[in-house]
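1. Generate a structure from the sequence data that follows.
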Amino acid sequence: MNRSIWARLRLELRVIGLAPPLTALAATLGGAVLVIAMHATGADAEHLDLAAGAVLAGFAPLGTAVAASSIVGRDAGAELVMTSTVYRRVLLLRVGLVVVPAALVTMVDAIVFRALNAWPEGQGTDGYVLVWAPPMLWLVALAMLIATGLRSPAAASGLIGGIWLAQDLMRTAILGNTVLRAQYMFMGVGAKVSAHDWTVNRIALPAVAIAAVIAVGLLLGRPERFVGSDAA
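-> Predicted structure coming up:
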């Protein structure tokens, strides 16, 4: 059984290729190198805190989401012979092979940043998970939904990048709106927020992610949609 599982994982990794895992890890590892270098060269505490928060809540989720969306539509012709249930399982397995390693590395980043006293202002030890996990789940789920709905990973990458950038640039406007504030990725990073707003935001992001994953599952009930799709 173990050999069978490992053989299956190796097969799926060959189908995925190196690009998605490397994309998911590049932002996380690159950001960690930057924060460590800033600490080693004597950067002030404020800039270290902002850099650590940006890596955990921003760059790690973005790289993982772009990588996950690139998996949609691969070898679609071969997968038409599968039932829709199997197709969903195959796609989720492939996404997991990208997201899980990225999540583990991001967790290590959080532990290292905390040890270096490079930590988002106002965050406690729960930030080891809560600073980055809800935004990552949210952005990955939206990327998968867009890629599946449009049948275009390339379009999904562009739209997800646009959402990420808009959240960064329109921070003041988003934080001033109750509904948008609940879906703000960078909550608590470089801004003082109330405990209530933080709690609502950390619950709302995974809730939307779950709804998006359910929608992806429904769309994948018709795998024939991916014939002739843009898998670029």
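2. the bottom helix or strand of the chain by mean pLDDT?
-> Using mean pLDDT, DSSP states H and E, helix 76-79 stands out as the lowest-scoring helix or strand of the chain, at a mean of 55.
3. Measure how far the next helix or strand after it is from the centre of its chain, please.
-> Beyond helix 76-79 in the direction of the C-terminus, DSSP states H and E gives the next helix or strand as helix 84-115. Here the centre of mass of C-alpha atoms in helix 84-115, compared against the chain's by Cα atoms, centre = their mean, to the nearest Å, lies 8 Å away.
4. Packing partners of helix 84-115?
-> The criterion is 3 or more Cβ pairs under 8 Å, 6 or more residues apart in numbering; DSSP states H and E, and the helices and strands that helix 84-115 contacts are helix 2-16, helix 19-40, helix 60-69, helix 127-130, helix 133-150. Backbone N, C-alpha and C define where each C-beta goes, glycine included.
5. go again using 6 Å as the cut-off
-> On a contact count with 3 or more Cβ pairs under 6 Å, 6 or more residues apart in numbering; DSSP states H and E, helix 84-115 meets helix 2-16, helix 19-40, helix 60-69.
6. number of nearby residues for Thr148?
-> The local packing count at Thr148 equals 25, with neighbours defined by other Cβ atoms under 10 Å.
7. Next one: the nearest residue to Val189 once chain neighbours are set aside from Leu34, what distance?
-> Across the structure, with Cβ to Cβ, 6 or more residues apart in numbering as the measure, the residue nearest Val189 apart from its sequence neighbours is Gly53 (3.4 Å). Distance, Gly53 to Leu34, using Cβ to Cβ, to the nearest Å: 13 Å.
8. Was I right to think Val140 contacts Ala67?
-> No - with contact taken as Cβ atoms under 6 Å, Val140 and Ala67 are classed as non-touching, separated by 8.8 Å.
9. helices and strands around the host helix or strand of Gly53, which ones?
-> Secondary-structure assignment from DSSP H and E places Gly53 in helix 45-54. Secondary-structure packing of helix 45-54 (3+ Cβ pairs under 6 Å, 6+ apart): helix 19-40.
10. and the helix it packs on with helix 45-54, angle?
-> Counting by axes from the mean of the first three to the mean of the last three Cα atoms, to 10 degrees, helix 19-40 points 170 degrees away from the direction of helix 45-54.
11. Glu121: what secondary structure?
-> The three-state label given to Glu121 by DSSP: H, G, I helix; E, B strand; the rest coil is coil.
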